[in-house]
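Trainee: Sequence unavailable; structure follows:
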Ligand code: ATR
């Protein structure tokens, strides 16, 4: 029987992960099955136990269970420990190994798929929630010139910057604090677009040749990328590449093989009509 994997979430019906991993396993010749599992909001632990009893070898974890998966893991990768959240579980003997591939996926999308080096760049990260926390260490590992975390409420950004101060100096503040500064890379890690709100960004933050990157994606241009285009960001990308690359990184954790992500991403873009 082929090895079994899944993605846990709530809701989960519209997850693209089963299609992505099916394409990876076909492309790499790995014998595995991957399904979507809806876990009750208060029943994640039991859902994982049931899956392991079914012979499950590994799982992806999405909203709202990433923090609970972090607590459930009996061993954590360093990047998961830094992120405070787990999006990839591997069940090995009695061990529950917790990893986080979100940041690595985003960095690979930027540096490999978009061909944009982060080394020596001035990076602005918008938002100070879980999505933001998960990408900070992988961003700092690329040796940027600087990293500024800006959040609607400055306190959360300052707390996050302090949590990574042992890795590298990180600046933090609210959106007013970035007025008059300019950046080579601006990453949206806020959830503003989920509530249909747009960010109140000061003019002039996009340096010539800059990249605007939205961790969100949708059918058309996201609200953040529309603002970035109006403000002159040279290159703009949504989070679909990050979605595929975090999956590829999880596949690598489970199978020891890095699948080809580019054709899967191209196929998803075609299906989304982009
Ligand atoms: P996630 O895990 O997706 O990061 P989260 O922890 O709830 O979710 O964090 C959401 C982030 O989006 C926060 O940084 C939040 O800002 P606050 O800390 O000030 O709440 C940010 N956010 C959500 N809606 C926003 C809006 N309309 N404008 C600006 N920031 C917004």
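Mentor: Ah, there it is. Just so we're clear, the structure is a prediction, and the values are computed from it rather than from any experiment.
Trainee: list the contacts for the residue of the stretch 101-250 of the chain found nearest the ligand?
Mentor: Proximity of the stretch 101-250 of the chain to the ligand (C-beta to the nearest ligand atom) peaks at residue 129, 2.0 Å away. To be clear about C-beta, it is placed using only N, CA and C from the backbone, and glycine gets the same treatment. By C-beta atoms under 8 Å, 6 or more residues apart in numbering, the residues touching residue 129 are 156, 189, 190, 191.
Trainee: Okay, buried residues for stretch 37-54 please.
Mentor: 37, 39, 44, 47, 48, 51, 52 (16 or more other C-beta atoms under 10 Å).
Trainee: what's the host helix or strand of the last one packed up against?
Mentor: Taking DSSP states H and E as the definition, residue 52 sits inside helix 44-53. Contact here means 3 or more C-beta pairs under 8 Å, 6 or more residues apart in numbering; DSSP states H and E; on that basis helix 44-53 packs against strand 3-9, helix 66-72.
Trainee: about what we covered before: would you turn the buried residues of stretch 37-54 into JSON lines with pLDDT and distance to the ligand?
Mentor: Below are the buried residues of stretch 37-54 laid out as JSON lines (pLDDT from 0 to 100; distance: C-beta to the nearest ligand atom, whole Å):
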{"residue": "37", "pLDDT": "98", "distance to the ligand": "21"}
{"residue": "39", "pLDDT": "98", "distance to the ligand": "17"}
{"residue": "44", "pLDDT": "98", "distance to the ligand": "16"}
{"residue": "47", "pLDDT": "98", "distance to the ligand": "20"}
{"residue": "48", "pLDDT": "98", "distance to the ligand": "20"}
{"residue": "51", "pLDDT": "98", "distance to the ligand": "23"}
{"residue": "52", "pLDDT": "98", "distance to the ligand": "26"}
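Trainee: any chance of those in a markdown table, plus distance to residue 195?
Mentor: A markdown table is the format used below for the buried residues of stretch 37-54 (distance: C-beta to C-beta, whole Å):
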| residue | distance to residue 195 |
| --- | --- |
| 37 | 27 |
| 39 | 24 |
| 44 | 25 |
| 47 | 28 |
| 48 | 30 |
| 51 | 32 |
| 52 | 36 |
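Trainee: Doesn't residue 23 belong to a helix?
Mentor: Yes: when DSSP: H, G, I helix; E, B strand; the rest coil is applied, residue 23 is found to be in a helix.
Trainee: who's in contact with it?
Mentor: 259, 263, 264, 267.
Trainee: which residues does the residue nearest to the first one when sequence neighbours are not counted contact?
Mentor: Looking back up the chat, that one is residue 259. Nearest residue to residue 259 in three dimensions, chain neighbours excluded: residue 24, at 3.7 Å (C-beta to C-beta, 6 or more residues apart in numbering). Each residue near residue 24 by C-beta under 8 Å, 6+ apart is listed here: 30, 247, 248, 251, 259, 260, 264.
Trainee: The same query, at a cut-off of 7 Å, please.
Mentor: Applying C-beta atoms under 7 Å, 6 or more residues apart in numbering, one finds that residue 24 lies in contact with 248, 251, 259, 264.
Trainee: Not counting the longest helix anywhere in the chain itself, show me its contacts.
Mentor: In the chain, with assignment by DSSP state H, the single longest helix is helix 240-255. Residues from elsewhere that reach helix 240-255 (C-beta under 7 Å, 6+ apart): 5, 16-17, 20-21, 24, 30, 57-58, 60, 87-88, 90, 99, 101-102, 104-106, 108-109, 113, 215, 217, 258-259, 261, 264-265, 268-269.
Trainee: and it with strand 3-9, angle?
Mentor: Calculated by axes from the mean of the first three to the mean of the last three C-alpha atoms, to 10 degrees, helix 240-255 forms an angle of 140 degrees with strand 3-9.
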